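Asks: From the sequence below, what's the structure:
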Amino acid sequence: MSTLARSLRQACEQWSERPAITFRGTRTITYGELGRQIDTLAAAYRRMGVRPGDRIVCQFRNCPEYVVVVAAAWECGAIHVGTDNDLTGSELAWLVDRTEAAVLVFQPWSDAGDGLDPLGDVRRARPETKVVLHEVCPEHEGHDCLKDLLEVEAQGEAAGGTALGRDDTAVLHLTSGTTGYPKAVRETLPAFWAKMQFFAYAFGLGADDVMLLFLPMGHVFGVRLGLMTLLTGGRLVLMERFSPSLALDVVAQEGVTVLPGMPTHLNLMLAALDGGEHDVSCLRWVVSAAATLPRGLAERVYERLGVEILFVYGCSENFTTCTVDRDEILSGSVGSTVFSGPEGTPPDGSVRAVNPLDHSPMPAGEVGELAFGARQPVHYWRAPDAATDGWYYTGDLGRVDPDGQVYVLGRLKELVNRGGLKVSPTEIEAAAVRHPGVADAAVVGTPDPVLGEAVCTCIVPAGDAPPTLLELREFLGQSLARHKLPDELVLVDGIPRTIIGKVDRPALVASVLADEPARQRLRPR
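Replies: Modelled structure (predicted):
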């Protein structure tokens, strides 16, 4: 089993000559160089006046400096706050103000005319927040530049261990924010380490592994996977943005052994995979999370990539279950092994389905809201705690069978209310993509004068002859109850998704309702 280094500092000292991070295929830094950059930036933070407990917001795209920013914050006893690179000015200003950030580490948008525009909103919302730019910009307006800071030696400054205590908050993880502004979950360093150790034990990550990471490090899953690789002495290969063909090229060029990806990423990579052009024989593991993994897709991953799968279900609040068992994954289960954190952290290793109305336990095998046992409440940044009755209620729809296997069926708040019957979009999507004429699918509710909401299935055709609505209903009727079958069918060029691969239902609804694309309906309106 893999045991993580006690700290990133220990990893940098233990494997100082080993390659740590590769970026853009042309740049590789060693663990020793990584450690020196962390010390240098931590010294710069201290000169800026950063104190223990201060918040440092990082909105970089994936790059080696992201790791430096995270670790340097911890060296100062500060709290790391990661976020998306493409936030608008108002969204970034809200986050900086909400966390009362001492420092914003900022990288201009890659596809914007003036990538520094968001800083105007930040400056108006919180003028006292210091800004460190990723690179020199023509109009940097006196802000510090990370490149310059990393070239200044920390002269005469002792590089001590982390200033974070065991119970101090080390990271703020932003929730998805699907019902409004996101919450920020507080996590200590021991809890953060324990979750990474849980994953490392699950699939034996080690010093000989090379992980390709295009999942954003601004999100909890991405940053955990990236740092976990470094804490086991492996090499981290970073991509700024996902491209299926480029990812396959990188796998072969860098000898990647571990490939994390959401089901959408895996689907796109398999579609682009050319056995004569792409050598993926180096791969041994695929790690997937954030969405259901349809049986057909899992089978193709096993067969065409020749790997094992680590399938993870979890949330930013530090609750997770996972499995590497093929039979469990092919059945749609996310396993029965629940993360039980270090003493004093929320998870207690149990999960159950409950009635969403009164939180009473559901009988084994019946669908309800998934809830994880918690030793103590989940703590949010300047918001009320959760799980005050010993359970954390996820808002996810699912069931737990008599053997403890957990099945996730979607989000409660995304359910389509079809004539009083609640339908899970995720369940229909997982069944729809099994149709040979469907490359991708997403389900939303659309207004219906009789039913209240109709089940509208949007599909990306897999060829020139996509299924009709009646053909799709007949196919889905083999595995789904009648009330779950689509009332409408819309053909689309692509499914809008969030940066971590989940269906962006608000964007899809806006597209379906606003553009009024040609759609097939079971009943006239």
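Asks: Quick one: residues contacting residue 33.
Replies: Neighbour list for residue 33: residue 20 [criterion: CB atoms under 8 Å, 6 or more residues apart in numbering]. Every residue, glycine included, has its C-beta placed from N, CA and C.
Asks: what's it sitting at in phi/psi?
Replies: phi -70, psi -40 (degrees, to the nearest 10).
Asks: Give me the contacts around the least confident helix or strand in the chain by mean pLDDT.
Replies: Every helix and strand of the chain was ranked by mean pLDDT, DSSP states H and E. The lowest is helix 505-515, at a mean of 77. If you take CB under 8 Å, 6+ apart as the criterion, helix 505-515 is touched by 414, 425, 442, 444, 446, 456, 458, 490, 492, 495-496, 517, 519.
Asks: partners of the helix or strand just after that helix in the sheet?
Replies: The first helix or strand that comes after helix 505-515 along the chain, using DSSP states H and E, is strand 519-521. Its sheet considered, strand 519-521 pairs with strand 488-491 (antiparallel) by DSSP bridges.
Asks: Would you map the helices across the stretch 201-350 of the chain?
Replies: Using DSSP state H, counting those that start in this stretch, the helices of the stretch 201-350 of the chain run over residues 220-231, 244-254, 263-272, 295-300, 326-330.
Asks: quick one, which of the ones you listed is packed in tightest?
Replies: Of those, the one with the most neighbours on average (mean count of other CB atoms under 10 Å) is helix 220-231, at a mean of 23.
Asks: tell me what it is packed against?
Replies: helix 8-14, helix 64-75, helix 189-203, strand 210-213, strand 235-238, strand 258-260 (3 or more CB pairs under 8 Å, 6 or more residues apart in numbering; DSSP states H and E).
Asks: per-residue confidence averaged over it?
Replies: Averaging pLDDT along helix 220-231 yields 95.
Asks: pretty sure residue 220 is touching residue 316, no?
Replies: Yes - with contact defined as CB atoms under 8 Å, residue 220 reaches residue 316; the gap is 5.2 Å.
Asks: got any residues that touch both of these two?
Replies: Common contact partners of residue 220 and residue 316 (CB under 8 Å, 6+ apart): residue 173.
Asks: low pLDDT regions in the stretch 251-400 of the chain?
Replies: By pLDDT under 70, the low-scoring segments of the stretch 251-400 of the chain are 290, 343-345, 387.
Asks: Quick one: residues contacting the closest residue in space to residue 291 that isn't next to it in sequence.
Replies: In this structure, residue 291 finds its nearest non-sequential neighbour in residue 263, 5.0 Å apart by CB to CB, 6 or more residues apart in numbering. Contacts for residue 263 were tallied using CB under 8 Å, 6+ apart; they are 288, 291-294, 297, 501.
Asks: Kindly state the pLDDT recorded for the closest residue to residue 117 other than its chain neighbours?
Replies: Spatial nearest neighbour of residue 117, chain neighbours left out: residue 89 (5.9 Å); criterion: CB to CB, 6+ apart. pLDDT for residue 89: 87.
Asks: pretty sure residue 163 belongs to a strand, no?
Replies: No - assigned with DSSP: H, G, I helix; E, B strand; the rest coil, residue 163 falls outside any strand and is coil.
Asks: Just want to check the distance between residue 485 and residue 349.
Replies: Going from residue 485 to residue 349 by CB to CB, to the nearest Å gives 38 Å.
Asks: So for the two, which sits in the more crowded spot?
Replies: Per other CB atoms under 10 Å, whichever of residue 485 and residue 349 has more neighbours is residue 485, with 21 against 13.
Asks: chain center to stretch 51-64: distance?
Replies: Using CA atoms, centre = their mean, to the nearest Å, the mean C-alpha position of stretch 51-64 is found 17 Å from that of the whole chain.
Asks: Over to stretch 28-35?
Replies: 26 Å.
Asks: Kindly report the same for stretch 422-436.
Replies: With CA atoms, centre = their mean, you get 22 Å for stretch 422-436.
Asks: same deal with stretch 319-332?
Replies: Mean-position distance between stretch 319-332 and its chain equals 18 Å (CA atoms, centre = their mean).
Asks: do stretch 209-226 as well
Replies: So, by CA atoms, centre = their mean, the centroid of stretch 209-226 is 8 Å from its chain's centroid.
Asks: Alpha carbons of that stretch, as PDB, please.
Replies: The C-alpha coordinates for stretch 209-226 follow below in PDB (Å, rounded to 0.1, in the frame of the first residue of the first chain):
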ATOM      1  CA  ASP A 209       3.300   6.400 -11.400                       C
ATOM      2  CA  VAL A 210       2.800   9.200 -13.800                       C
ATOM      3  CA  MET A 211      -0.600  11.000 -13.500                       C
ATOM      4  CA  LEU A 212      -2.100  13.100 -16.300                       C
ATOM      5  CA  LEU A 213      -4.200  15.900 -14.800                       C
ATOM      6  CA  PHE A 214      -6.500  18.000 -17.000                       C
ATOM      7  CA  LEU A 215      -9.200  18.100 -14.200                       C
ATOM      8  CA  PRO A 216      -8.900  21.600 -12.800                       C
ATOM      9  CA  MET A 217      -6.800  22.000  -9.600                       C
ATOM     10  CA  GLY A 218      -9.200  24.800  -8.700                       C
ATOM     11  CA  HIS A 219     -11.600  22.100  -7.700                       C
ATOM     12  CA  VAL A 220     -11.300  19.700  -4.700                       C
ATOM     13  CA  PHE A 221     -10.900  16.500  -6.700                       C
ATOM     14  CA  GLY A 222      -8.300  17.900  -9.000                       C
ATOM     15  CA  VAL A 223      -6.100  19.400  -6.300                       C
ATOM     16  CA  ARG A 224      -6.300  16.200  -4.200                       C
ATOM     17  CA  LEU A 225      -5.200  14.000  -7.100                       C
ATOM     18  CA  GLY A 226      -2.400  16.400  -8.100                       C
END
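Asks: what's the burial count for residue 106?
Replies: Neighbour tally, residue 106, other CB under 10 Å: 24.
Asks: wait, residue 306
Replies: Using other CB under 10 Å as the criterion, the residues surrounding residue 306 number 12.
Asks: my read: it touches residue 281, true?
Replies: Yes - between residue 306 and residue 281 there is a contact at 6.9 Å, judged by CB under 8 Å.
Asks: Got a PyMOL select line for the buried ones in the contacts of helix 505-515?
Replies: To isolate the buried ones among those in PyMOL, judged by 16 or more other CB atoms under 10 Å, type:
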select buried, resi 414+425+442+444+446+456+458+490+492+495+496
